[in-house]
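Engineer: Requesting a structural model of the entry that follows:
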Amino acid sequence: MRLLTGWSWRRRPKGRERIPVSEQTVLKTEGLAKAYGSFRLGPVNIALEQGYVYVIMGRNGSGKSTLFRMLTAMVRPEQGTLEWFPERSAGPPSSAGQVQLLRDIRRNVAYMPDELDTPDEGWSLREWRDAVHPFYPAWDDDCYRRLAARYGLDEGKPMKKASKGTRRLAAFVIAMAQAPRVLVLDEPSAGLDPFAWKMMLEDLAAFMSAGDRTILMATHIVEEIRRLGDYLLFLDNGKVHGPFEKDALAESWRTLWVSELPPAAEALPGVAAAEQGTAARLVSRSPQETRAALEKLGLTVTEERPLEWDELFWHVVRNKGKEVKRGE
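Structural biologist: Sure thing, here's the model as predicted:
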């Protein structure tokens with residue numbers, strides 16, 4: 001696919017290393033950025049590989065929806081480059097190439113936004129399907145019918161009369177029926193009941209079973225991260241951190257309870273945070289180093305646990321911020 005650079009060609013700034021790509025790379029961005037008033041998203045520098053589920057976590061208002069809309073060419077970036085399937089790119093970017101990119105996104109990438117995205121909320125699911133399916137070359141009507149029936153959707157009911165969960169399911173069915181190679185999902189299960197939620201996770205797992213597909217999704221639901229996620233990206237104040245391999249990241253961060261809090265605890269190797277409550281507690285990004293330092297002080301680790309995902313997000317972002325400041 002052709003290179004898209006803020007809808008026009010810009011050179012990569014001097015001194016910026018080129019993000020490596022491989023035959024398995026499905027998405028690459030370099031210096032992608034967009035500003036809204038005082039808020040600035042980016043620069044975003046990521047490379048995502050096929051065959052994995054990437055989960056992006058961030059607080060409300062951190063820029064997740066804007067990022068997704070830039071990646072799917074629905075919002076124009078102010079600077080930077082965006083490439084889908086970069087190893088297939090050939091020749092310098094051009095207007096014709098950008099048109100082809102938009103076509104290729106439509107053919108290969110399905111985006112499910114966080115809000116219902118129909119021209120008219122009075123439309124029914126059937127009217128939505130009739131309006132959009134000609135624009136998607138790989139549209140799979142069998143998939144559409146199967147999923148609409150599986151979720152018990154009334155194809156003739158106006159979307160404005162449907163519950164939030166039903167509207168989310170309708171958007172999910174439309175996205176899946178596009179038969180994409182890549183799914184971009186913004187809080188896909190928000191508003192679902194437990195039964196529909198379980199079925200959606202089953203359908204996403206089945207989608208990934210082909211082996212050459214990719215999901216980029218935003219979620220705050222711990223069980224979705226645990227079941228589906230391979231890599232994590234953290235978005236905070238417009239900055240993207242990651243991707244981090246989920247299991248390795250979870251293994252490298254630990255909460256340690258100790259017999260007593262040592263002096264200058266946060267200066268110990270690996271320690272990211274320390275607090276004294278009913279028990280002394282350390283958060284470590286390198287548990288082995290921290291345990292060794294505690295042993296030298298004659299202190300005992302009484303309990304050790306992995307961090308919850310929301311706490312892990314907070315500490316990783318905080319730690320990355322400190323690294324940036326040290327490098328200034």
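
Engineer: Which residue ranges of the stretch 1-150 of the chain form strands?
Structural biologist: With strands called from DSSP state E, counting those that start in this stretch, the stretch 1-150 of the chain shows them at 25-36, 39-49, 53-58, 79-84, 109-112.

Engineer: I'd like these laid out as TSV, including mean pLDDT and mean neighbour count.
Structural biologist: (C-beta placed from N, C-alpha, C; glycine too.) As requested, those are exported to TSV (pLDDT from 0 to 100; neighbours: other Cβ atoms under 10 Å):
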stretch	mean pLDDT	mean neighbour count
strand 25-36	93	20
strand 39-49	94	19
strand 53-58	94	24
strand 79-84	90	22
strand 109-112	96	23
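
Engineer: Reformat these as CSV; add distance to Leu235.
Structural biologist: Listed next are the strands of the stretch 1-150 of the chain as CSV, based on distance: least, Cβ to Cβ, whole Å:
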stretch, distance to Leu235
strand 25-36, 13
strand 39-49, 8
strand 53-58, 3
strand 79-84, 16
strand 109-112, 17
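
Engineer: so which of those strands gets nearest Glu308?
Structural biologist: Closest approach to Glu308 among those is made by strand 53-58 (12.0 Å; Cβ to Cβ).

Engineer: name the helices or strands packed onto that closest one?
Structural biologist: In terms of contacts (3 or more Cβ pairs under 8 Å, 6 or more residues apart in numbering; DSSP states H and E), strand 53-58 is packed against helix 64-71, strand 214-218, helix 222-228, strand 231-236.

Engineer: Of all the ones you listed, which one is nearest Met200?
Structural biologist: Set against Met200 and scored by Cβ to Cβ, those come closest in helix 222-228, at 9.2 Å.

Engineer: Can you give me the buried ones in that closest one?
Structural biologist: Glu224, Ile225, Leu228 (16 or more other Cβ atoms under 10 Å).

Engineer: Give me the local confidence score for the second one.
Structural biologist: To tie it back to what came earlier, the one meant is Ile225. For Ile225, the pLDDT comes out at 92.

Engineer: you'd agree it is up against Glu308?
Structural biologist: No. Contact between Ile225 and Glu308 fails when scored by Cβ atoms under 8 Å: they sit 10.4 Å apart.

Engineer: and the gap between Gly42 and Val55?
Structural biologist: 20 Å (Cβ to Cβ, to the nearest Å).

Engineer: Test of understanding: give the bridge partners of the residue positioned nearest the centre of the chain.
Structural biologist: For the chain, Ile56 is the residue whose C-alpha lies nearest the centre (Cα atoms, centre = their mean; 2.9 Å). As for beta bridges, Ile56 partners with Ala218, Leu233 under DSSP bridges.

Engineer: Does it touch His220 like I think?
Structural biologist: No. At 10.4 Å, Ile56 does not count as touching His220 under the criterion of Cβ under 8 Å.

Engineer: residues near the residue nearest to Ala138 when sequence neighbours are not counted, how many?
Structural biologist: Excluding its sequence neighbours, the residue lying closest to Ala138 (Cβ to Cβ, 6 or more residues apart in numbering) is Ala179, at 4.1 Å. Here the count is done by other Cβ atoms under 10 Å, and Ala179 has 17 residues near it.

Engineer: give the contact list for Ala179.
Structural biologist: Contact analysis of Ala179 by Cβ atoms under 8 Å, 6 or more residues apart in numbering lists Tyr136, Ala138, Trp139, Asp140, Cys143.

Engineer: So which of the residues you listed is the closest to Arg106?
Structural biologist: Tyr136 (6.2 Å).
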